[in-house]
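J.: predicted structure and sequence below. I'll ask about it afterward.
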Protein chains: 2
Amino acid sequence: MNVPQSTPGSRLDNYVDRYAARTAGMTASEVRALFAVASRPEVVSLAGGMPNLHALPMDAVGDAVARLIQERGTVALQYGSGQGDETLRGQICDVMRLEGIEAHPDDVTVTVGSQQALDLVTRIFVDPGDVILAEAPSYVGALSTFASYQANVVHVEMDDDGLVPEHLENAIAAVKASGKRAKFLYTIPNFHNPMGVCLSAERRVRILEICRRADLLIVEDNPYGLLGFDGDPMRALRADDSDGVVYLGSFSKTFAPGLRVGWAVAPHAVREKLVLAAEASVLSPPVFSQMTVSTYLETQPWRAQIKNYREMYRERRDAMLDALKTYMPPGTTWTNPSGGFFVWVTLPEGLDAKAMLPRAVTARVAYVPGTAFYADGFGASSMRLSFCFPTPERIREGVRRLAGVIAQELELRAMFGGTPGGATPGAVLPPGSPTTQAPGPDLA
Amino acid sequence: MNVPQSTPGSRLDNYVDRYAARTAGMTASEVRALFAVASRPEVVSLAGGMPNLHALPMDAVGDAVARLIQERGTVALQYGSGQGDETLRGQICDVMRLEGIEAHPDDVTVTVGSQQALDLVTRIFVDPGDVILAEAPSYVGALSTFASYQANVVHVEMDDDGLVPEHLENAIAAVKASGKRAKFLYTIPNFHNPMGVCLSAERRVRILEICRRADLLIVEDNPYGLLGFDGDPMRALRADDSDGVVYLGSFSKTFAPGLRVGWAVAPHAVREKLVLAAEASVLSPPVFSQMTVSTYLETQPWRAQIKNYREMYRERRDAMLDALKTYMPPGTTWTNPSGGFFVWVTLPEGLDAKAMLPRAVTARVAYVPGTAFYADGFGASSMRLSFCFPTPERIREGVRRLAGVIAQELELRAMFGGTPGGATPGAVLPPGSPTTQAPGPDLA
């Protein structure tokens, strides 16, 4: 079809007939426009996954970065290696040791946030139509990446102890029966995004066994592993299998996301391909960001800072769980995260979180509807609430507002039966709203 | 074939049977190992395209960045928009105005260096097997990106005035005759990498006309446009066609590459797709880098700094041209760049620049063989020499050494006839050389 189509609020698209096939899989979230509104100060956003950076020692970091530029500027501002700064790669190995991982700096590829690591892993492994196994639900940013490579995502059920081994076995068998073979299992074992749950120690052993038996590569995405509220960090899957796991890490939650410094640890041959893909994609990750992280790790008490973060997030988690208990109407359930950023809330039967969102934003509270975390349209009865960014007071107020909206929906349902339709997003959107200005709901 | 293959100096690749088809196109440069050696201090490297950062006011930049973190750290270190920082996008429009471009900040997408812009443009337009037209020779980093998307690059001849319009017309016709349609023309109009030449003003008009008539999108890559040694910057192609050109810009050469801040300017609908592709790839470009550039542009005399760069590079260009004239054996020819970083040298008939490289490195001088800049194996008789990084003294010494190697090759040829084979790279490589540590020859 060569008929030009218009895009909202824009000129005709003269190029509509010549995009790559993969571009059809790159679509703006339907709720994106709403989130531009949700970023207004009067709205309590329980939607974004932005870490709270107020706890960072900005004076000390600023001084350290000034010295970095003044003393080593010609290196810090220059091109670097595609694999990343060697000193930083060594420090990353120290960080990973906290989760039982023994790796060599040469196993590490530094990336532009762990999102780029995800992109590169998908790029080197996935042809159009290839199967990727992922938890149900799964990280929205990973699903976007997988869609942009035309992957076929097969979801595997979770419960409060994380990915269910029996369901994984069934999924592997079903994919095999269909004549295919999954390229990898994508999993977030710690403080899952969006569910907030943790893969139990006993299940880690079983998942590794199942994948080893099926010769299935595991992509272990672990941005929140050091942000547990109780006890020591869990042992990473990669700690017990260096050949069968590609591990993705990030400084976005333990330091700061604006630097975009993440990494992948991979078996040697895979690591070589990751570096080639990274070079074709960005030449090298920003040396300036990398050396800033390296300087931070070297000069600042980063372990104490992670403890500060943990305590701050624990207080916010407590505020959210307490408010949910206080305000939510009967029939609403939620997970009980022991770390990370997120609570997964499931609505009373018959309610639709996506349809309800415009009403919630009108009531000045925002969340991410569960459908965003499924490649297959499921998840409408659930939503992700983030406790990472707002203050405890605003979290309580946000949950109170949300509970009011749910109660109203329940009343409407009792009165009229069936699921009430949501107000159209247009109703709350001023004309010309900046739909791409606000960070997307998919951040973190 | 499921037989595992070993990679040099590594374990077996257990994953050899499950990479994506595109991964076959991601190969390490054959000369990569040599460049690890070429980065030793005793070797004069005329290979890399690294800008010389010694002229930057590091004290002032360091202070400005410290203030940025101390005063706006919670923004500068946070996630940002996929399209990039709005203030910076406005400043980018000011920079582009120097080349006659009138753009709106909303037309701009900030990227992780202009390499990522290239990657994203290719990602949204190119299916495997699609044709891209590119100059002969062309930027090695672009060719890597195109290969990683399985594009079919068709080269179009250049001369001292840049891309030759007649050859472009012929190439378009030939692609059409083959039943295909080129997705875009990739061109570097100013101070071409690797040829150093400029597209003449008269040809700009003709190239635009030809592409408009053929409905062929132009991707105009312009990292060096402000680094001309004579007179005002040339008028960008994008200045005269806002719908038919995607323009790629970069701060790597006018400020510093270690920040990885580049950008694309594209028609509205294309821009929307670029942002979606960017989000799937890295969520958002580093806010820290972007605000550092923005602060630099706001607080530092960036126009004067570009003038400093120009004067420094002009002196080095003069040193290189002078040394070429002084030392090169008859039959050697070269381009006469009026800006940028590169001179393109063509050897006397019968000599092979790739075969000669190991001998040159042994003689303590390095360059990039011309074959790196062709997708189709041509270019063996030429080489790229960079004058951007070494001092004028080292440039002269490097050219003197290179001339000696060429003279020797000519003698051998006169004595034995035919092209002498090069020494094997292994002869100069110590075992276990860090083949991925040094920046690749493809940088810049």
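T.: Perfect, thanks for sending it.

J.: who touches the longest strand along chain A?
T.: The residue-count maximum for a strand in chain A (DSSP state E) belongs to strand A:152-159. Outside strand A:152-159, the residues that touch it by Cβ atoms under 8 Å, 6 or more residues apart in numbering or on different chains are A:129-138, A:143, A:146-147, A:163-164, A:167-168, A:171, A:174-175, A:182, A:185, A:192, A:195, A:197, A:374-376, A:378. From N, CA and C alone the C-beta is placed, and that goes for glycine too.

J.: just the buried residues of that strand, please?
T.: Neighbour counts using 16 or more other Cβ atoms under 10 Å in any protein chain shown place A:N152, A:V153, A:V154, A:H155, A:V156, A:M158 of strand A:152-159 among the buried residues.

J.: then it to PDB, C-alphas only?
T.: C-alpha atoms of strand A:152-159 as PDB (Å, rounded to 0.1, in the frame of the first residue of the first chain):
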ATOM      1  CA  ASN A 152       8.100 -14.200  19.300                       C
ATOM      2  CA  VAL A 153       7.800 -13.900  23.100                       C
ATOM      3  CA  VAL A 154       6.400 -16.900  24.900                       C
ATOM      4  CA  HIS A 155       5.500 -16.000  28.500                       C
ATOM      5  CA  VAL A 156       6.100 -18.300  31.400                       C
ATOM      6  CA  GLU A 157       4.000 -18.100  34.600                       C
ATOM      7  CA  MET A 158       5.300 -16.800  37.900                       C
ATOM      8  CA  ASP A 159       4.000 -16.900  41.400                       C
END
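
J.: roughly how far is that strand from the heart of the chain?
T.: Relative to its chain's centre, strand A:152-159 lies at 16 Å (Cα atoms, centre = their mean, to the nearest Å).

J.: partner strands of it, with direction?
T.: Using DSSP bridges, strand A:152-159 pairs in its sheet with strand A:131-136 (parallel), strand A:162-163 (antiparallel).

J.: average model confidence for that strand?
T.: Taken as a whole, strand A:152-159 has a mean pLDDT of 98.

J.: same question, stretch A:48-57
T.: Mean predicted confidence for stretch A:48-57 is 91.

J.: what sits up against that stretch?
T.: A:193, A:252-253, A:255-257, A:300, A:305, A:308-309, A:312-313, A:341-342, A:386, A:388-389, A:439, A:441, A:443-444, B:73-74, B:77-79.

J.: the helix or strand where A:L385 lies and chain B in contact?
T.: Using DSSP states H and E, A:L385 falls within strand A:382-386. No - contact of strand A:382-386 with chain B (Cβ under 8 Å from any Cβ of the partner chain) is absent, the minimum separation being 12.6 Å.

J.: same check on stretch A:258-276?
T.: Yes - Stretch A:258-276 comes into contact with chain B (Cβ under 8 Å from any Cβ), by way of A:G258, A:L259, A:R260, A:P267, A:H268, A:A269, A:V270, A:E272, A:K273, A:V275, A:L276.

J.: identify the farthest-apart pair in these.
T.: Greatest spatial distance among the residues of stretch A:258-276 next to chain B (Cβ to Cβ): A:G258 and A:A269, at 32.9 Å.

J.: compare the two (neighbour count), which wins?
T.: Legend: neighbour count by other Cβ atoms under 10 Å in any protein chain shown for A:G258 and A:A269, higher for A:G258 (27 against 20).

J.: pretty sure that one sits against B:L77.
T.: Yes - between A:G258 and B:L77 a contact is recorded at 4.0 Å, counting by Cβ atoms under 8 Å.

J.: now do the shared contacts for these two.
T.: Residues within reach of A:G258 and of B:L77 at once, by Cβ under 8 Å, 6+ apart, are B:V287, B:F288.

J.: surely A:Y15 meets B:A266?
T.: No - in this structure, A:Y15 is not within contact of B:A266 by Cβ under 8 Å, at 9.3 Å.

J.: pick out whichever of these two has more residues nearby.
T.: Each of A:Y15 and B:A266 has its neighbours counted (other Cβ under 10 Å); B:A266 has more, 30 against 22.

J.: for the more buried one, which non-adjacent residue is spatially closest?
T.: Nearest residue to B:A266 in three dimensions, chain neighbours excluded: B:V246, at 4.6 Å (Cβ to Cβ, 6 or more residues apart in numbering or on different chains).

J.: just to be sure, that neighbour is in a strand?
T.: Yes - applying DSSP: H, G, I helix; E, B strand; the rest coil, one finds B:V246 inside a strand.

J.: all helices for chain A, in order.
T.: A:32-38, A:58-76, A:86-97, A:113-125, A:140-148, A:165-177, A:201-214, A:268-282, A:287-299, A:302-327, A:353-362, A:392-416 (DSSP state H).

J.: what does the closest residue to A:D127 other than its chain neighbours show for phi and psi?
T.: In this structure, A:D127 finds its nearest non-sequential neighbour in B:A20, 4.7 Å apart by Cβ to Cβ, 6+ apart. In terms of degrees, to the nearest 10, the main-chain angles of B:A20 are phi -70, psi 160.

J.: surely A:R413 touches A:G350?
T.: Yes - A:R413 is in contact with A:G350 according to Cβ under 8 Å; the separation is 5.8 Å.

J.: got the residues of the stretch 101-250 of chain A near chain B?
T.: Neighbours of chain B within the stretch 101-250 of chain A, by Cβ under 8 Å from any Cβ: A:112-113, A:115-116, A:119, A:123-127, A:130, A:141, A:144-145, A:147-149, A:181, A:183, A:217, A:243.

J.: A:N52 and B:P57, how far apart?
T.: Going from A:N52 to B:P57 by Cβ to Cβ, to the nearest Å gives 34 Å.

J.: and the helices of chain A, which is most packed in?
T.: helix A:113-125 (a mean of 28; mean count of other Cβ atoms under 10 Å in any protein chain shown).

J.: so who does the residue nearest to A:W302 when sequence neighbours are not counted touch?
T.: Leaving aside its sequence neighbours, A:W302 sits nearest to A:Y296 (Cβ to Cβ, 6+ apart; 6.5 Å). Contacts for A:Y296 were tallied using Cβ under 8 Å, 6+ apart; they are A:V61, A:A64, A:F255, A:W302.

J.: separation between the last one and chain B?
T.: The spacing between A:W302 and chain B, counted by Cβ to the nearest Cβ, to the nearest Å, is 14 Å.

J.: if I pick that residue, what's in contact with it?
T.: A:T254, A:F255, A:Y296.

J.: any idea which of those is closest to chain B?
T.: A:F255 (8.1 Å; Cβ to the nearest Cβ).

J.: pretty sure the closest one contacts A:Y309?
T.: No - counting by Cβ under 8 Å, A:F255 does not reach A:Y309; the two are 9.2 Å apart.

J.: what sits against the closest residue to A:R206 other than its chain neighbours?
T.: Nearest non-adjacent residue to A:R206, counting by Cβ to Cβ, 6+ apart: A:P165, 4.4 Å away. By Cβ under 8 Å, 6+ apart, the residues touching A:P165 are A:R203, A:R206, A:I207, A:I210.

J.: now for the helix or strand of chain A with the lowest mean pLDDT, which elements pack on it?
T.: Every helix and strand in chain A was compared by mean pLDDT, DSSP states H and E; the lowest is helix A:32-38, with a mean of 71. Packing partners of helix A:32-38 (3 or more Cβ pairs under 8 Å, 6 or more residues apart in numbering or on different chains; DSSP states H and E): helix A:353-362, strand A:365-366.

J.: export the longest one to CSV, keeping only CA atoms.
T.: Coordinates of each C-alpha in helix A:353-362 appear next as CSV, following Å, rounded to 0.1, in the frame of the first residue of the first chain:
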residue,chain,number,x,y,z
ALA,A,353,-6.7,-1.4,34.9
LYS,A,354,-6.1,0.0,31.4
ALA,A,355,-9.6,1.2,31.0
MET,A,356,-9.5,2.7,34.4
LEU,A,357,-6.3,4.6,33.9
PRO,A,358,-7.8,7.8,32.5
ARG,A,359,-10.1,8.0,35.5
ALA,A,360,-7.2,7.5,37.8
VAL,A,361,-5.2,10.3,36.2
THR,A,362,-8.3,12.5,36.5
